[in-house]
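Undergrad: starting from these lines, generate the structure:
(2 chains)
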Amino acid sequence: MKQIIAIIDYGSGNLNSAQKAFQRAAREGGVDAQIIVSSDPEQVRKADRIVLPGVGAFVDCREGLMALDGMEQVLQERVIEAGVPFFGICVGMQLMAERGLEKQVLSGFGWIKGDVVAYLPDDKQLKIPHMGWNTLDFIQSHPLFTDIDSGPNGLHAYFVHSYHLEVKDKSQLLATAEYGGLISAIVGRDNMVGTQFHPEKSQKLGLAMIGNFLRWKP
Amino acid sequence: MTLKTRLIPCLDVMNGRVVKGVNFVDLVDAGDPVEAAIAYDAAGADELTFLDITASHEGRDTIFDVVNRTAQHCFMPLTVGGGVRTIEDIRKLLLCGADKVAINSAAVSDPDFIARAADKFGNQCIVVSVDAKQIESDRDENKEPARWQIFTHGGRKPTGIDAVEFAKNMVTLGAGELLVTSMDRDGTKIGFDLELTAAISDSVSVPVIASGGVGSLEHLVDGVKIGHASAVLAASIFHFGTFTIGQAKSHMAANGIEVRQDPS
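TA: Sure, this is the predicted structure:
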């Protein structure tokens, strides 16, 4: 049966790239899926999987999402109550936190325990934003990681961010990246995951992870 | 630290076509920027930069189509520069699939534009192009430390603005990355202006991309080791097939620079 994957359009993020990457991952992974980009809560309500992208600042993304009447309610209903698989990307992942502390203090969805804070590497010579390709360390096993190599010799993910989600409940931290300290690279629980990096820009690793998400049955 | 040094091929695009042509054996149309982008993607480039040098206003829309088609095939970060002057220009490029925009002339004529752009789209997608030329007289006559001034309009127009001060100011305003091009070295194949690159990289907190002058693989290594660049950009050595992306990365790795070498 054809799955419907909804990528939420709230005026943030590279939706063209995200849509193409999900289409390609579905095709390569043999998943029968229709990838829609939508700002309509009713369309998102009907989706079998939900993707929340996001670039820029937490506050702008938060406000952009709130401007879509009923969208957050649909997210809570579908992701929390109905258990629909959810994938947050970059600021879409950060919105899963309890609070964002960029520019001003704003609440997130509160799905992952922790706040989004400025990332401060131990080595002050390191450049911020953390921009470029980094390897991941999977600290828990997860269906999203199937057939993906991690560690220093593993595949690379593309990051571009200055803030990260400081996870309070370590059971919700799935992977880290090393950059003068540990960056929360992937968070998740139950039927939801979020990546700080951009899978839609991460070539082999990204397409593999999106493919795993499309096959995931939490 | 496991963040890798980035290797970025750059394509000059005019009216939707690659200007110098790309010398890859398996390209059907060497003038199609999308085909070149796909080839660089497959070869393991870490990012791609399109520099739109279309002069006419009517031709400006062609870049949107190029970016749109590239984003359909390439799942790698894409920066687009050239003629970016308004918030609307940025919005359109990002919607087409660009991840970052490089801003040059508009950053000089209206520095506050950088602040507005960074506020609107986040500093991660605002790259400021620092096109600089060394001020010769200071060095020869007064034995002062090297200084550079900013040029705009593709290197044709001097501004009298000090490059290092300009770079620091742009970062304060919200630039998330600087593309530092030596107008003295651009096209010469004698290597980056390492002094310029290091002077700026050591003065700012954001990543610096070294650009202008690459003629050998050693130049890429120097840009990182001596110029302290986080990324190195080159055009002709790749377009004309002098070296492949793979050869460049192997050489950088052999010289102790950590690069991404994922299996394809």
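Undergrad: quick one, strands of the chain?
TA: Since no chain was named, I'll use chain A. With DSSP state E as the criterion, chain A has strands at A:3-8, A:33-38, A:49-52, A:86-89, A:99-100, A:106-107, A:114-118, A:130-135, A:137-138, A:156-161, A:163-167, A:173-178, A:182-189, A:192-195.
Undergrad: you looked at the wrong chain, it should be chain B
TA: Applying DSSP E to chain B gives strands spanning B:6-14, B:17-18, B:48-52, B:78-81, B:100-103, B:126-134, B:148-152, B:157-162, B:177-182, B:208-211, B:231-234.
Undergrad: tabulate those strands (TSV), appending distance to A:F159, mean neighbour count and mean pLDDT.
TA: For glycine as for every other residue, the C-beta is placed from the backbone atoms N, C-alpha and C. Shown next, in TSV, are these (distance: least, C-beta to C-beta, whole Å; neighbours: other C-beta atoms under 10 Å in any protein chain shown; pLDDT from 0 to 100):
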stretch	distance to A:F159	mean neighbour count	mean pLDDT
strand B:6-14	12	22	94
strand B:17-18	29	20	88
strand B:48-52	17	25	95
strand B:78-81	15	25	96
strand B:100-103	13	25	96
strand B:126-134	16	27	96
strand B:148-152	30	21	93
strand B:157-162	32	14	93
strand B:177-182	13	28	97
strand B:208-211	16	30	98
strand B:231-234	13	26	97
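Undergrad: can you lay out those strands as TSV showing distance to B:T244?
TA: Formatted as TSV, the strands of chain B follow (distance: least, C-beta to C-beta, whole Å):
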stretch	distance to B:T244
strand B:6-14	10
strand B:17-18	17
strand B:48-52	15
strand B:78-81	20
strand B:100-103	24
strand B:126-134	25
strand B:148-152	32
strand B:157-162	36
strand B:177-182	23
strand B:208-211	19
strand B:231-234	12
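Undergrad: quick one, which of those strands gets closest to chain A.
TA: strand B:6-14 (5.1 Å; C-beta to the nearest C-beta).
Undergrad: state the distance from the closest residue to chain B within chain A to A:Y163.
TA: For chain A, the residue closest to chain B is A:G56, as judged by C-beta to the nearest C-beta, at 3.4 Å. Distance, A:G56 to A:Y163, using C-beta to C-beta, to the nearest Å: 11 Å.
Undergrad: how about A:C90?
TA: A:C90 is 10 Å from A:Y163, where distance means C-beta to C-beta.
Undergrad: next: B:A199.
TA: 29 Å.
Undergrad: who in the stretch 101-250 of chain B is up against chain A?
TA: Residues of the stretch 101-250 of chain B lying near chain A by C-beta under 8 Å from any C-beta of the partner chain: B:119-125, B:176-177, B:205-207, B:230-231.
Undergrad: just the buried ones from these, in ChimeraX syntax?
TA: Per 16 or more other C-beta atoms under 10 Å in any protein chain shown, the buried members of those correspond to this ChimeraX selection:
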select /B:119,120,121,122,123,124,125,176,177,206,207,230,231
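Undergrad: and A:G194, what does it touch?
TA: A:F87, A:G88, A:I89, A:G92, A:M93, A:Q94, A:M96, A:I112, A:L165, A:I186, A:V187, A:G188 (C-beta atoms under 8 Å, 6 or more residues apart in numbering or on different chains).
Undergrad: make TSV from those and add distance to chain B and neighbour count to it.
TA: TSV is the format used below for those (distance: C-beta to the nearest C-beta, whole Å; neighbours: other C-beta atoms under 10 Å in any protein chain shown):
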residue	distance to chain B	neighbour count
A:F87	15	27
A:G88	16	29
A:I89	13	28
A:G92	13	25
A:M93	14	30
A:Q94	12	29
A:M96	18	26
A:I112	21	27
A:L165	16	29
A:I186	15	27
A:V187	19	27
A:G188	22	25
